[in-house]
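[1] 3D model of this:
(2 chains)
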Number of protein chains: 2
Amino acid sequence: MIFSSIEFNDKEPIYLQIENYIKIMIKNGMLVTDGKLPATRELSTILEVSRNSVITAYENLEVEGILYTVKGKGTFVAKNKILKGEQWKVSWGERTNNYGRLSEELDIVKHEIPWSKNLISFKSISPDGELFDMEEFKKAFLNSISIEGHKILNYGYAKGYKPLMDYLKAYMRKKGIETEDKEIIITNGFTEALEILLTAYTKPGDKILCENPTHNTAIKIMRVHDLDIIGVTMKEDGIDLSELETRLKSGKIKFGYLIPSYHNPTGIVMKAEKRLKVYKLFKKYDVPIIEDGFSEELLYNSTHISPMAALDKGGTGVVYIGSFSKILFPGIRIGWILADKELISTVESVKRCKNIHSSFLDQGVLYEYLKSGAFEKHVKKTRRFYKEKYELALKCINKYITPSFIYGEGALHVYIGLDGISSRELLDRCYKRGVIFTTGDIFSIDDSCKNTLRLGLSRVTLEEIEEGIKIIGQCINELQSEG
Amino acid sequence: MIFSSIEFNDKEPIYLQIENYIKIMIKNGMLVTDGKLPATRELSTILEVSRNSVITAYENLEVEGILYTVKGKGTFVAKNKILKGEQWKVSWGERTNNYGRLSEELDIVKHEIPWSKNLISFKSISPDGELFDMEEFKKAFLNSISIEGHKILNYGYAKGYKPLMDYLKAYMRKKGIETEDKEIIITNGFTEALEILLTAYTKPGDKILCENPTHNTAIKIMRVHDLDIIGVTMKEDGIDLSELETRLKSGKIKFGYLIPSYHNPTGIVMKAEKRLKVYKLFKKYDVPIIEDGFSEELLYNSTHISPMAALDKGGTGVVYIGSFSKILFPGIRIGWILADKELISTVESVKRCKNIHSSFLDQGVLYEYLKSGAFEKHVKKTRRFYKEKYELALKCINKYITPSFIYGEGALHVYIGLDGISSRELLDRCYKRGVIFTTGDIFSIDDSCKNTLRLGLSRVTLEEIEEGIKIIGQCINELQSEG
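    Sure thing, here's the model as predicted:
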């Protein structure tokens, strides 16, 4: 096939023309090292020339070291000795746009101290994999394959795997959310859910309101969409209500983004009564809420605080984003949006445009895992596990540090303030002593939170919590005595 | 916890205040149907009131049918009889932006005739799942879990699972591509790869050049990014070279998007010599190429046509997008971009911004599957399988239809032209006879291709191919005799 386009001239011998042609093809990379050439008989038929011309061409090229022959196998291209042409260099760095540039600038993985062995790292709030029940997971996989067969490996639907969607809708109903006029779509985690919503519903310059500080990934996604981010101060019990109303009143705000449970980074749980007040304010000014259900699964005790979406009975003003990634299998990247049908229909098309759908295999396996009851057991175990760490961390903070405040009611992290101490300076010093954490500034909309830090507890042992916080305390004392 | 915020007044009895508070909470959805209330002893402690006040409140609410008690289990919220407030309706349809609106408008799943049982559907070019070796897949899963353990289910890296990336780089080298200065990133299929590239490197109004007709999903992604799409006519051997040069010369073009192998929808394979000419033209005008490696795996015979990326030795001008989705497991959504390091670094941050990373489980399992050698076997089997269908389809087209042209050299589809027949009208008629296919218009940049259609062969049996094409032929004859 590759040879079909030779146009022979009458001046040179055929074998030479074949030789030159093969050389050009090798030079240009159309024939690659160890690539097989057609058999001489085959090529002579294709080119409508005598087989001898082809044989001569191959032999000459072999002498030149350009081809080689393996007995009984055929003729192949030798390691390419032919000089390369001029190289085409594109300056990709100059060609990127705002989205590309900002996502690099705001990519903390590229700019913050990375985790490494021998460090006590309070950076992570991702779940401890040791808690995953791998046997149950394997069973779930095998069940899914035995029920769905090869279908689970073929193209599926943008909205998601139906049994999983139904399961999650029922799960949302248990949280008190009415799902009659709502639909669900499965996304690649919380991150994609928020990214898609902003892709479909915002324009550069649009205003979005959120708690300040707030989840750094959310800030990044808002920034790359070139939104005007309006941060509202976090108080001990959550967002400042009067500041919130002033902001809502002041101008056209496209969305509110809120994390009511174990807010990231502060760890504050917004009380039920306050949820209602906040909901009513957004409703009054007709600003839809994107509710981040972050860590909500770690919340429930004997009583239950409903998500804000549950307050919006029969309404369409709250868009709920759910994810198990802080408890279960974040590596499979499954989250969801539960919202108004019309919204989900648009988001469905946007999802199809972005990546067609989330992995059906992962959705199938997750569904079987959830259905088996293993999830409830896992959540209970996880709550106990984190509770112990959280309580120890509080004790140690009070013992070794004198913070200006300690926020956080449990789950995966604690947030503390340090009067007169720059958390960046503190981090530099702690890093030398083998301890790292997340400085508050990366969660800030403005230039605030420079004297705060978040301690993520999910990946540190009890011993590391005590030792790490002790070291942080020592470093604070040093800085204070120097300052 | 939920009850901690009651502020008691001195005017009403405590039990009544508790009652009213519970009613408000139920009304506002903070306590949900069948939600459990704290035990009376517990609540009295929390509220610092006598246990009797709590007992009285619960009893009264039970009488009103608002709570119910299950012996030995506790007190629960009855089905909510309390009136709902005013509902908050947001008009989501009006709030969507260009991206959202266009992705719905161009969403063929929403606008074209869907597949249903008893239809002979020539629409699909997705792989036949019956060909998947499920036993090998299971083995690959169990291997991955036994090697990686719970790590494969936790957060991973935006660029991808290292062993898979290394495997794919080696795979690309076998195609003749130099990978020294290149990097790879794993994406959720081709769709995400293209979407991310356009997100990071284009601005509204930028010009992008492609073959006309071309892959409809690519057109959709370009449109939602508000690009100025410049289509260059497809001839029998691929893109029209002189038109291409005129276009490249005429203005600032940001990217070229090309499908050199089994072009979608035409099925044309661009010959090696032509690939070189096309490559040189793009290089001359410094317009980077996005090469869609679509169906390339079905290409190889005894000789080998290299991808265009292989021509760009030491250069950075060709961005290669690969995917196995037309042969293998599209449901797990794994594709990749191989390109210049600097570009991949930007794309890595953009990927992290969009969904953190692709499923590590899926990447792990795919890697084990590829490594096992099952892939090579599968590709051989698949080529045979599709070849038989393709040859039969050609025979039937020549027997039952007199097309103005037949394009397509194999793989998954054939593209035909029909003089004077609207393929939309033909589709309406065929649909009534139980046969559907894809009309050419959806692949067109302008208003062309109205007399063409694509027959996808991957999901039809040999019998259906014969019967379906016969019916199409009959419908054409009817239309012609009527016209």
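[2] right, and the helix or strand after the helix or strand harbouring A:H378?
    In this structure, A:H378 sits in helix A:374-400 according to DSSP states H and E. Using DSSP H and E, the next helix or strand after helix A:374-400 towards the C-terminus is strand A:405-407.
[3] pull out the buried positions in that next one.
    Across strand A:405-407, burial judged by 16 or more other Cβ atoms under 10 Å in any protein chain shown covers A:406-407. Quick note: C-beta positions are derived from backbone N, CA and C, even for glycine.
[4] what about it, near chain B?
    No. Using Cβ under 8 Å from any Cβ of the partner chain, strand A:405-407 stays clear of chain B, coming no nearer than 15.9 Å.
[5] in terms of secondary structure, what does the next helix or strand after that strand contact?
    Later in the chain than strand A:405-407, the nearest helix or strand by DSSP H and E is strand A:413-417. Applying 3 or more Cβ pairs under 8 Å, 6 or more residues apart in numbering or on different chains; DSSP states H and E, one finds that strand A:413-417 makes contact with helix A:374-400, strand A:405-407, strand A:452-456.
[6] given strand A:413-417, what are its sheet partners and their directions?
    strand A:405-407 (antiparallel), strand A:452-456 (antiparallel) (DSSP bridges).
[7] next SSE after that strand?
    For strand A:413-417, the succeeding helix or strand toward the C-terminus, using DSSP H and E, is helix A:423-432.
[8] next SSE downstream of that following helix?
    strand A:435-436.
[9] partners of that following strand in the sheet?
    strand A:120-121 (parallel).
[10] quick one on the thing from earlier: turn the strands paired with strand A:413-417 into a markdown table, including mean pLDDT.
    Formatted as a markdown table, these follow (pLDDT from 0 to 100):
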| stretch | mean pLDDT |
| --- | --- |
| strand A:405-407 | 96 |
| strand A:452-456 | 98 |
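[11] CSV for these, including distance to A:I177?
    Supplementary listing: the strands paired with strand A:413-417 in CSV, determined by distance: least, Cβ to Cβ, whole Å:
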stretch, distance to A:I177
strand A:405-407, 27
strand A:452-456, 29
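[12] quick one: closest of the ones you listed to B:Y21.
    Among the strands paired with strand A:413-417, strand A:405-407 comes nearest to B:Y21, with 26.4 Å by Cβ to Cβ.
[13] what's that closest one in contact with?
    A:236, A:266-268, A:394, A:397-398, A:414-417 (Cβ atoms under 8 Å, 6 or more residues apart in numbering or on different chains).
[14] just the buried residues from those residues, in ChimeraX please.
    Buried residues within the contacts of strand A:405-407, by 16+ other Cβ under 10 Å, are selected in ChimeraX with:
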select /A:266,267,268,397,414,415,416,417
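[15] centroid-nearest residue for chain A?
    Nearest residue to the geometric centre of chain A (Cα atoms, centre = their mean): A:T191, 5.3 Å.
[16] what about the helix or strand where that one lies and chain B, touching?
    A:T191 is located in helix A:189-201, with elements delineated by DSSP H and E. Yes. Judged by Cβ under 8 Å from any Cβ, helix A:189-201 and chain B are in contact via A:189, A:191-192, A:195, A:199-201.
[17] can you add pLDDT and give these back as a markdown table?
    Output for these, formatted as a markdown table (pLDDT from 0 to 100):
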| residue | pLDDT |
| --- | --- |
| A:G189 | 96 |
| A:T191 | 97 |
| A:E192 | 98 |
| A:E195 | 98 |
| A:T199 | 97 |
| A:A200 | 97 |
| A:Y201 | 97 |
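[18] my read: A:I26 touches A:V77, true?
    Yes. Counting by Cβ atoms under 8 Å, A:I26 touches A:V77, with 6.0 Å between them.
[19] quick one: common contacting residues for the two?
    By Cβ under 8 Å, 6+ apart, the residues touching both A:I26 and A:V77 are A:I66.
[20] before we move on, back to that, the helix holding A:T191 to helix B:189-201, inter-axis angle?
    In terms of direction (axes from the mean of the first three to the mean of the last three Cα atoms, to 10 degrees), helix A:189-201 departs from helix B:189-201 by 60 degrees.
[21] next, A:K274: secondary structure please.
    Secondary structure for A:K274, judged by DSSP: H, G, I helix; E, B strand; the rest coil, is helix.
[22] of the residues of helix A:189-201 next to chain B - the most surrounded one?
    A:E192 (28 neighbours; other Cβ atoms under 10 Å in any protein chain shown).
[23] counting neighbours, what do you get for the nearest residue to that one once chain neighbours are set aside?
    Once flanking residues are discounted, A:E192 sits nearest to B:N355: 4.0 Å by Cβ to Cβ, 6 or more residues apart in numbering or on different chains. Neighbour count of B:N355, defined by other Cβ under 10 Å: 27.
[24] list the contacts of B:N355.
    A:187-189, A:191-192, A:195, A:333, A:355, B:188.
[25] any idea which element the spatially closest residue to A:L241 that is not a sequence neighbour lies in?
    Counting by Cβ to Cβ, 6+ apart, the nearest residue to A:L241 once its immediate chain neighbours are dropped is A:K277, at 6.1 Å. In the assignment (DSSP H and E), A:K277 maps to helix A:272-284.
[26] need the contact list for A:L131.
    A:378, A:381-382, A:385.
[27] I'd say the residue nearest to the centre of chain A and A:H215 touch.
    No. Here A:T191 lies out of contact with A:H215, judged by Cβ under 8 Å, at a distance of 10.0 Å.
[28] rewinding a little: the helix holding A:T191 - contacts with which helices or strands?
    helix A:216-224, strand A:253-258, strand A:289-292, strand A:318-323, strand A:335-340, helix A:341-355, helix B:98-105, helix B:341-355.
[29] A:R247 contacts A:L241, doesn't it?
    No. The criterion here is Cβ under 8 Å, and A:R247 misses it with A:L241 at 10.7 Å.
[30] so which of these two has more stuff around it?
    A:R247 (20 against 15).
[31] circling back: nearest to B:A158, of the helices and strands packed on strand A:413-417?
    strand A:452-456 (19.5 Å).
[32] and the next helix or strand after that closest one, what does it pack onto?
    Downstream of strand A:452-456, the next assigned helix or strand under DSSP H and E is helix A:462-482. Secondary-structure packing of helix A:462-482 (3+ Cβ pairs under 8 Å, 6+ apart): strand A:120-121, helix A:374-400, helix A:423-432, strand A:435-436.
[33] what comes up buried for helix A:462-482?
    Neighbour count says helix A:462-482 has A:464-476, A:479 buried, by 16+ other Cβ under 10 Å.
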